[in-house]
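Trainee: got a sequence here, can you build the structure:
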Amino acid sequence: MDMQKRLESQVSGRVQMVMFRDFVTRKARVLGIVGTVRNNPDGTVSVVAEGEESKLRDLVALLEKGSTLSRVDLVTEKWSEPLGGYKNFDILY
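Mentor: Residues are numbered from 1 along each chain as shown. A predicted model of the protein is given here:
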């Protein structure tokens, strides 16, 4: 079994108003990842995800690809130990 990890990611580009959070939420749930995704005032999207490292790496690849209508310019990655506390993967409004 993979190591459990925490990933904090910032996604820049055309990632708001293009169903990006829904896309991230659907993909994360399929991968069995828990955490949150939210829009930031500066136009970026923040993702906090916890789960198996290989699944989180799959999620990063999906973040870099983006949803159909989005255009992803940059995905930052900050890795750490999981803190727990998440039961699902949800959109924060």
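
Trainee: need the pLDDT of Thr68.
Mentor: The score at Thr68 is 93. That number is its pLDDT.

Trainee: hang on, I meant Arg38
Mentor: As predicted, Arg38 sits at a pLDDT of 98.

Trainee: shaky segments in the chain?
Mentor: Within the chain, the stretches with pLDDT under 70 are 1.

Trainee: all strands of it, in order?
Mentor: Listed in chain order, the strands of the chain (DSSP state E) span 4-14, 34-39, 45-52, 71-80, 89-92.

Trainee: what lines up beside the first one in the sheet?
Mentor: Take DSSP bridges as the rule and strand 4-14 pairs in its sheet with strand 45-52 (antiparallel), strand 71-80 (antiparallel).

Trainee: about what we covered before: for Ala28, find the nearest of the strands of the chain.
Mentor: In terms of Cβ to Cβ, the element of those nearest to Ala28 is strand 89-92, at 4.1 Å. C-beta here means a position set from N, CA and C on the backbone, and glycine is covered the same way.

Trainee: can you list the strands that the closest one pairs with?
Mentor: Take DSSP bridges as the rule and strand 89-92 pairs in its sheet with strand 34-39 (parallel).

Trainee: contacts for the partner strand?
Mentor: Residues from elsewhere that reach strand 34-39 (Cβ atoms under 8 Å, 6 or more residues apart in numbering): 7, 16, 21, 24-25, 28, 45-51, 86-93.

Trainee: need the buried ones from these selected in ChimeraX.
Mentor: The buried subset of the contacts of strand 34-39, as determined by 16 or more other Cβ atoms under 10 Å, is captured in ChimeraX by this line:
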select :7,16,21,24,25,28,45,47,48,49,50,51,86,89,90
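
Trainee: count the residues that sit near the residue lying closest to Met19 once chain neighbours are set aside.
Mentor: For Met19, ignoring the flanking residues on the chain, the nearest one in space by Cβ to Cβ, 6 or more residues apart in numbering is Ser67 at 5.3 Å. Counted with other Cβ atoms under 10 Å, the neighbours of Ser67 add up to 19.
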